[in-house]
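Colleague: got a sequence here, can you model it:
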Amino acid sequence: HLSLRRQRQMCIRDRAIIDVGSNTIRMAIYHFHEKKAEMIYKKKYIAGLASYLDNGFMKKDGIDKVCEILDDFSAFLKKFDIERVSAFATAAIRNCSNSKAVVEEIVSRTGINVRVITGDEEAMYDFYGAIHSIENDSGILADIGGASTELIYYKNRSIVSKISLEMGSLDFQTKYSSGILPSPDDAEIMRSKADEILSSATEFKDISISSICGIGGTFKGTRALYNEITGKKDNNNVPAGCLDEMIKRFAISGSLSEKDTIILMKSIPDRINTVIPGMIIADAIARKFKSANIVYSDSGVREGFIYRELMK
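Modeller: As a prediction, the model looks like this:
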């Protein structure tokens, strides 16, 4: 909860950014002052929006879920007199066959004007959000979401190529997993599908990068799981070679050991069902670019949206 002091300070310089993602719906409130944006509050719901797609059609239950969450956000914002709201939606709504009708109903029911951003825009926002924390002047940036994966190849801190691919952690879990955790057979199907989709990204052919910058929930969960297994703290680097080891450890046909169950529940309670499918995509990306290391960045699409749209 916000402090009383912070409540009194809230004014027209505060703005809420709402990201209707394919797995998670998030709201972050930023205080804008002297061309800087400081995040002062955040809240999220694991909505699993991509799982409400039926042959590409967004079901009413999915629309209801979005409206319920946005109504909760709206009530909070009204309580603190925050009137400036920017909301955008990504792959689950962008790629569904009834996208226009879905957005119209969400806006009509909640009063929040949700803008569907293109895959190209999402990749661009990812880059401009993360570039401030990236040390390498050239490299690959990857964002594995619930229903899409964005790849950005950059040189001298400028975008060379970017693409949004229709594969994601929740998408893979829903389509190819026979349980909460994928079996080894499920994992092989996911690997094959990830390789197939990545091979379609011809503009990224023959690129070799020693280290990938990873943003978004999959990489955050992968980092947390790796740190829990290794006993590391505040570590943002994950050796790419460890991905396959972790996938094989948790993608099993039988029951997990008590130790591994505790590890999952402690490190990734909100992403138990999606982290392994997402990790399989991450492993395919690392193999494609012959990368030895993955560096996690906590900045991404929301920060990029602020830099590109609100702080020009």
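
Colleague: going forward, measure contacts and count neighbours with C-alpha atoms only.
Modeller: Will do.

Colleague: check contacts around I281.
Modeller: Contacts of I281 were listed using CA atoms under 8 Å, 6 or more residues apart in numbering, and they are I144, G168, S169, M190, R191, A194.

Colleague: mind checking the SS state of it?
Modeller: Going by DSSP: H, G, I helix; E, B strand; the rest coil, the secondary structure assigned to I281 is helix.

Colleague: that older thread, just the ones of the contacts of I281 in helices?
Modeller: Taking DSSP state H as the definition of helices, those contribute S169, M190, R191, A194.

Colleague: how near is the third one to I82?
Modeller: When distances are taken as CA to CA, to the nearest Å, R191 and I82 turn out to be 45 Å apart.

Colleague: who wins for neighbours among the ones in helices among the contacts of I281?
Modeller: For the ones in helices among the contacts of I281, the largest neighbour count, defined by other CA atoms under 10 Å, is 30 neighbours, found at S169.

Colleague: surely that one is in contact with G145?
Modeller: Yes. S169 is in contact with G145 according to CA atoms under 8 Å; the separation is 6.3 Å.

Colleague: which residues do the two both contact?
Modeller: Contact with both S169 and G145 is made by residues T218, according to CA under 8 Å, 6+ apart.

Colleague: circling back: export the contacts of I281 to CSV and tack on pLDDT and distance to Y125?
Modeller: Formatted as CSV, these follow (pLDDT from 0 to 100; distance: CA to CA, whole Å):
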residue, pLDDT, distance to Y125
I144, 97, 14
G168, 97, 18
S169, 97, 20
M190, 98, 27
R191, 98, 27
A194, 98, 23
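
Colleague: out of those residues, flag the one nearest to F127.
Modeller: For these, the residue nearest F127 by CA to CA is I144; the value is 13.2 Å.

Colleague: can you pull the contacts of G214?
Modeller: Neighbouring residues of G214 by CA under 8 Å, 6+ apart: L141, A142, D143, I294, V295, Y296, S297.

Colleague: so which of the residues you listed sit within strands?
Modeller: With strands taken from DSSP state E, the overlap with those comprises L141, A142, D143, I294, V295, Y296.

Colleague: report how many residues lie close to E135.
Modeller: If we define neighbours as other CA under 10 Å, then E135 has 10 of them.

Colleague: what pLDDT does it get?
Modeller: Confidence at E135, expressed as pLDDT, is 85.

Colleague: what of the one 10 residues further on?
Modeller: According to the per-residue confidence, G145 scores 95 in pLDDT.

Colleague: residues near it, how many?
Modeller: Applying other CA under 10 Å, we find 28 residues neighbouring G145.

Colleague: look up phi and psi at it.
Modeller: When read as degrees, to the nearest 10, the backbone of G145 gives phi -100, psi -170.

Colleague: isn't it right up against E166?
Modeller: No. The pair G145 / E166 is not scored as a contact, 9.8 Å apart, by CA under 8 Å.

Colleague: which residues do those two both contact?
Modeller: Joint contacts of G145 and E166 (CA under 8 Å, 6+ apart) do not exist.

Colleague: element containing the nearest residue to I247 once chain neighbours are set aside?
Modeller: Closest residue to I247 in three dimensions, ignoring its sequence neighbours and counting by CA to CA, 6 or more residues apart in numbering: I276, at 6.1 Å. Remark: I276 resides in helix 275-288, with elements defined by DSSP states H and E.
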